[in-house]
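Trainee: Attaching a predicted model along with its sequence, questions to come.
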Amino acid sequence: MITAMTLAGSIGIFVVESGQSASVVVFYRCLIGGMTLLLYGIARHRADFAKITVRSLILMAFSGVTMAANWVLFFMAYAHASISMVPTVYHMYPFALIVGAALIFHEKLSPRSICWAMVAFFGVALVAIGSGSAMSTTGLGLTLAAMVCYTATLLITKQLSATPAGLYSAVQLLVGAVVILPLVGADALAVDAGSANYLLIIGILHTAITYVLLYGAVQSLGSSRIAILSFLYPMTALVFDLTIYNVRPDLLQIAGICAIVLAVLGERLHPFRHLMHRRSNAGRHGTQG
């Protein structure tokens, strides 16, 4: 998990240094990553192909479209924001997922989730009104749009619990490559050797290998540890931002980052659960006395 999040935190450097448009980067990420994961799936999980149904294929195709849109918007945001601010704001997606699940699957919204969501949105507001060069309003809008697309992807894949994760990810990526190809057109062929190296690394290292590492981590680690380690992604990106690109968010944007991190960790880890449980027990004992 640590390796996967550290790799993910460095993807912004390769996207920026490739010198390619967001759509070209996403096309090659989907194509190279999807082919690599497909070969991995054939080698390791060939029997799982028999579990694919027509319904699963349709859902995987839709999720491939939303995933491709998510990445295009996400990488476009790098032109208007630093490589650390984009993933930090993007990590608000658990709240979008909670709202989406409530609207679509009628899952109950807890008061705790609403409170933490308000803290997170307060953090986004601080990032937006900050005067630092780390993120512009356009960058914020693109990042939030990418987050919505990613939330849609998660809501779709929620219906694919019986399908092996590596398999549906391979299909997602390959569908994404097909969908985005018309947008790329001849630009996909106008890639020099230097850019091709960055695109290969993004497709193989930051996509296929990172996906495999994440699947293993999710299966072996507890939810609380995964929640904490997931923030290695934006924190690693922040280190790269400071050391390589010398980006300096202002005080308001730093406060916004802290509020977003606090809100997401608070929602995932329930830090006040033991305190509330203790108060509940105390009230029960007082009543009984």
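Mentor: Looks like it arrived, so ask away. Being a predicted model, the structure only gives us computed values, none of them experimental.

Trainee: from memory residue 8 sits against residue 206, does it?
Mentor: Yes - the criterion here is CB atoms under 8 Å, and residue 8 meets it with residue 206 at 6.8 Å. In short, each C-beta sits where N, CA and C put it, glycine included.

Trainee: residues bridging contact with these two, i.e. touching both?
Mentor: With contacts defined as CB atoms under 8 Å, 6 or more residues apart in numbering, no residue is adjacent to both residue 8 and residue 206.

Trainee: and residue 87, that's in a strand?
Mentor: No - according to DSSP: H, G, I helix; E, B strand; the rest coil, residue 87 belongs to no strand; its state is helix.

Trainee: Next, the contact list for it, please.
Mentor: By CB under 8 Å, 6+ apart, the neighbours of residue 87 are 8-9, 12, 233-234, 237.

Trainee: One more pass at 7 Å, please.
Mentor: With contact set as CB atoms under 7 Å, 6 or more residues apart in numbering, residue 87 has these partners: 233-234, 237.

Trainee: any idea of the pLDDT on it?
Mentor: In this prediction, residue 87 carries a pLDDT score of 90.

Trainee: Distance of it relative to residue 50?
Mentor: Here the criterion is CB to CB, to the nearest Å. By it, residue 87 lies 37 Å from residue 50.

Trainee: Ok, residue 159 next?
Mentor: 19 Å.

Trainee: how far away is the closest residue to residue 63 other than its chain neighbours from residue 168?
Mentor: Leaving out its chain neighbours, the residue that sits closest to residue 63 by CB to CB, 6 or more residues apart in numbering is residue 156, at 4.2 Å. Separation of residue 156 from residue 168 (CB to CB): 10 Å.

Trainee: Over to residue 29?
Mentor: Residue 29 is 17 Å from residue 168, by CB to CB.

Trainee: what about those two, which has more around it?
Mentor: Counted by other CB atoms under 10 Å, residue 29 and residue 168 do not tie: residue 29 has more neighbours, with 27 against 23.

Trainee: Quick check, that one in contact with residue 201.
Mentor: No - with contact defined as CB atoms under 7 Å, residue 29 does not reach residue 201; the gap is 10.2 Å.

Trainee: which stretches of the stretch 1-150 of the chain have low pLDDT?
Mentor: 131-133 (pLDDT under 70).

Trainee: neighbours around residue 105, how many?
Mentor: 10.

Trainee: check contacts around it.
Mentor: No contacts exist for residue 105 under CB under 7 Å, 6+ apart.

Trainee: how close does it get to residue 96?
Mentor: 14 Å.

Trainee: and if you look at residue 75?
Mentor: 19 Å.

Trainee: Neighbour count: those two, which is higher?
Mentor: Between residue 75 and residue 96, counted using other CB under 10 Å, residue 75 has the larger neighbour count: 26 against 20.

Trainee: so that one sits in a helix?
Mentor: Yes - counting by three-state DSSP, residue 75 is found in a helix.

Trainee: Is it correct that it is in contact with residue 27?
Mentor: No - with contact defined as CB under 7 Å, residue 75 does not reach residue 27; the gap is 11.0 Å.

Trainee: on that earlier part again, which stretch of helix or strand covers the residue nearest to residue 63?
Mentor: helix 137-157 (DSSP states H and E).

Trainee: Okay, buried residues for that helix please.
Mentor: 139-140, 142-157 (16 or more other CB atoms under 10 Å).

Trainee: Give me the helices and strands touching that helix, please.
Mentor: Helix 137-157 sits against helix 54-77, helix 85-90, helix 93-104, helix 111-129, with contacts defined as 3 or more CB pairs under 7 Å, 6 or more residues apart in numbering; DSSP states H and E.

Trainee: Tell me what angle that helix forms with helix 111-129.
Mentor: Relative orientation of helix 137-157 and helix 111-129, computed by axes from the mean of the first three to the mean of the last three CA atoms, to 10 degrees: 150 degrees.
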